[in-house]
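Novice: my questions concern the predicted model and sequence given below.
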Amino acid sequence: MSSVTPPPDTGWLPEETGRLLGFGRAFPHPLGGAAWLRTDGTPDLHAPVQTWITARMAHVYSLAHLLGVPGADTLADTALAGLTGVLHDDRHGGWHPSVAADGVPATGKSCYDHAFVVLAAASGTLAHRPGARRLLTEALGTLTGRFWEPEHRMFADEWDTRWQRLDDYRGLNANMHAVEAMLAAYDATGQRECLDRALAITERTTGWGRAHGWRLPEHYDAGWRPLLDYHRDRPRDPFKPFGATVGHALEWSRLILHLEATLGTAAPDWLSPAAEALFHQAVADGWAVDGAPGFVYTTDWDGTPVVRERMHWVAAEALAAAAALHRRTGERDCAEWFDTWSAYVREHFLDREQGSWWHELDTANRPAASTWPGKPDLYHAVQATLIPRAPLTPGLAAACAMGAVR
């Protein structure tokens, strides 16, 4: 095994945190909540107000407030007000996926959205934002009461607006963010069932990973049987692409380590090996496999790249996973990967003229927008600048509150 080395070089991260937070300050939408941000950081007021983006901005600026960033409290409160206001379904409960510029809400109820509302409310609670604890109680109750399937130990994916019809599709992406939400909710509430659910989901997920060579199936039927050909004809779908998603394996790797650290002596011994397996398979499949630096987006089940564009969130999760795995194991290759990917991000993803990170690059590492136009939110990039400076447990909001982010 690799020898123990000093931590990765994180010296550039504090300044980058501040640069990112400065870029996002124009997000408030006149309807309430967070606008989709264009490439230059101006709000696109013609685009719908999205629950997931609003929740992410509430989370990010709650963290910023805990870090002492001036004005972040007002921005966090603005985003949280969008979640209790325009995006909340006052008639049927829960949250609309989005609200159009004319004020008309989109139909349906999504586990993905509700998981982010829990995350936002938990971070807001730890940042002592007004109304956040009440929001957390409602959001956690809705997520677990409406979406949790105890017989499968997983969250379902999509209901209709009135909570009368549950779609047959099941997805791993929403469950990954539900694990993140459960960990944050545990930090904010101390409720043990949050950890129990996070562990149950992780156990099932790693089982599927082990059965498929650590390439995680993303899509499932109502009985949680993998649908390996799902969207083969739509490989660039922004939320449900075909195949294995390299960035999600990296993200799962990190979340598993956070869960293990939070469980402490009660953690099962398979967690850390699963995190390492997911990390190393993702790196082998995804990093610079087509002759240029960068992570491909998705692969087929034999590791062949499918969508080769480079997404900023994948690079962000790579940084966070490498730092977390180095903190857990002390192994040299994790520090070396972090430093390699740091140099790549700074050279290719950072937009030093307009701010933030390019959200997508083409295969030659030039700015592109085939999947993600603009720079809609800060969640992945800001977390990539904070996680390498934080302990594995507690989560980011709690760590910021106790001054543990260095």
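Specialist: Yep, that arrived. Residues are numbered from 1 along each chain as shown.

Novice: which parts of the protein are helices?
Specialist: 13-23, 51-66, 72-84, 111-126, 132-142, 172-189, 192-211, 246-263, 271-286, 312-329, 332-344, 379-386, 396-401 (DSSP state H).

Novice: and the longest one, C-alpha only, in PDB?
Specialist: The C-alpha coordinates for helix 192-211 follow below in PDB (Å, rounded to 0.1, in the frame of the first residue of the first chain):
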ATOM      1  CA  ARG A 192     -31.000   8.100  15.200                       C
ATOM      2  CA  GLU A 193     -33.400   7.000  12.600                       C
ATOM      3  CA  CYS A 194     -31.800   9.400  10.200                       C
ATOM      4  CA  LEU A 195     -28.500   7.400  10.500                       C
ATOM      5  CA  ASP A 196     -30.400   4.100  10.300                       C
ATOM      6  CA  ARG A 197     -32.000   5.100   7.000                       C
ATOM      7  CA  ALA A 198     -28.700   6.400   5.600                       C
ATOM      8  CA  LEU A 199     -27.000   3.100   6.500                       C
ATOM      9  CA  ALA A 200     -29.800   1.000   5.000                       C
ATOM     10  CA  ILE A 201     -29.600   2.900   1.700                       C
ATOM     11  CA  THR A 202     -25.800   2.600   1.600                       C
ATOM     12  CA  GLU A 203     -25.900  -1.100   2.300                       C
ATOM     13  CA  ARG A 204     -28.200  -1.700  -0.700                       C
ATOM     14  CA  THR A 205     -26.200   0.600  -2.900                       C
ATOM     15  CA  THR A 206     -22.900  -1.000  -2.200                       C
ATOM     16  CA  GLY A 207     -24.500  -4.400  -2.800                       C
ATOM     17  CA  TRP A 208     -25.500  -3.300  -6.300                       C
ATOM     18  CA  GLY A 209     -22.000  -1.800  -6.800                       C
ATOM     19  CA  ARG A 210     -20.300  -5.000  -5.800                       C
ATOM     20  CA  ALA A 211     -22.500  -7.000  -8.100                       C
END
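
Novice: one step back: turn the helices of the chain into JSON lines, including distance to Leu37, mean pLDDT and mean neighbour count.
Specialist: For every residue, glycine as well, the C-beta is placed using N, CA and C. Below are the helices of the chain laid out as JSON lines (distance: least, CB to CB, whole Å; pLDDT from 0 to 100; neighbours: other CB atoms under 10 Å):
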{"stretch": "helix 13-23", "distance to Leu37": "8", "mean pLDDT": "98", "mean neighbour count": "18"}
{"stretch": "helix 51-66", "distance to Leu37": "9", "mean pLDDT": "98", "mean neighbour count": "29"}
{"stretch": "helix 72-84", "distance to Leu37": "13", "mean pLDDT": "98", "mean neighbour count": "23"}
{"stretch": "helix 111-126", "distance to Leu37": "17", "mean pLDDT": "99", "mean neighbour count": "28"}
{"stretch": "helix 132-142", "distance to Leu37": "23", "mean pLDDT": "98", "mean neighbour count": "20"}
{"stretch": "helix 172-189", "distance to Leu37": "20", "mean pLDDT": "98", "mean neighbour count": "25"}
{"stretch": "helix 192-211", "distance to Leu37": "31", "mean pLDDT": "98", "mean neighbour count": "18"}
{"stretch": "helix 246-263", "distance to Leu37": "21", "mean pLDDT": "98", "mean neighbour count": "25"}
{"stretch": "helix 271-286", "distance to Leu37": "27", "mean pLDDT": "98", "mean neighbour count": "21"}
{"stretch": "helix 312-329", "distance to Leu37": "13", "mean pLDDT": "98", "mean neighbour count": "25"}
{"stretch": "helix 332-344", "distance to Leu37": "23", "mean pLDDT": "97", "mean neighbour count": "20"}
{"stretch": "helix 379-386", "distance to Leu37": "12", "mean pLDDT": "98", "mean neighbour count": "25"}
{"stretch": "helix 396-401", "distance to Leu37": "21", "mean pLDDT": "98", "mean neighbour count": "23"}
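
Novice: tabulate those (a markdown table), appending distance to Leu361.
Specialist: Output for these, formatted as a markdown table (distance: least, CB to CB, whole Å):
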| stretch | distance to Leu361 |
| --- | --- |
| helix 13-23 | 18 |
| helix 51-66 | 21 |
| helix 72-84 | 28 |
| helix 111-126 | 24 |
| helix 132-142 | 34 |
| helix 172-189 | 22 |
| helix 192-211 | 27 |
| helix 246-263 | 14 |
| helix 271-286 | 14 |
| helix 312-329 | 8 |
| helix 332-344 | 10 |
| helix 379-386 | 14 |
| helix 396-401 | 26 |
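
Novice: so for Gly223, which of the ones you listed sits nearest?
Specialist: Set against Gly223 and scored by CB to CB, the helices of the chain come closest in helix 192-211, at 12.7 Å.

Novice: so which other helices or strands are in contact with the closest one?
Specialist: On a contact count with 3 or more CB pairs under 8 Å, 6 or more residues apart in numbering; DSSP states H and E, helix 192-211 meets strand 154-155, helix 172-189, helix 246-263, helix 271-286.

Novice: how about a cut-off of 6 Å?
Specialist: helix 172-189, helix 246-263 (3 or more CB pairs under 6 Å, 6 or more residues apart in numbering; DSSP states H and E).

Novice: from Val405, how far out is the closest residue in space to Ile256 that isn't next to it in sequence?
Specialist: Spatial nearest neighbour of Ile256, excluding adjacent residues (CB to CB, 6 or more residues apart in numbering): Ala275 at 4.1 Å. Remark: distance between Ala275 and Val405 (CB to CB, to the nearest Å) = 21 Å.
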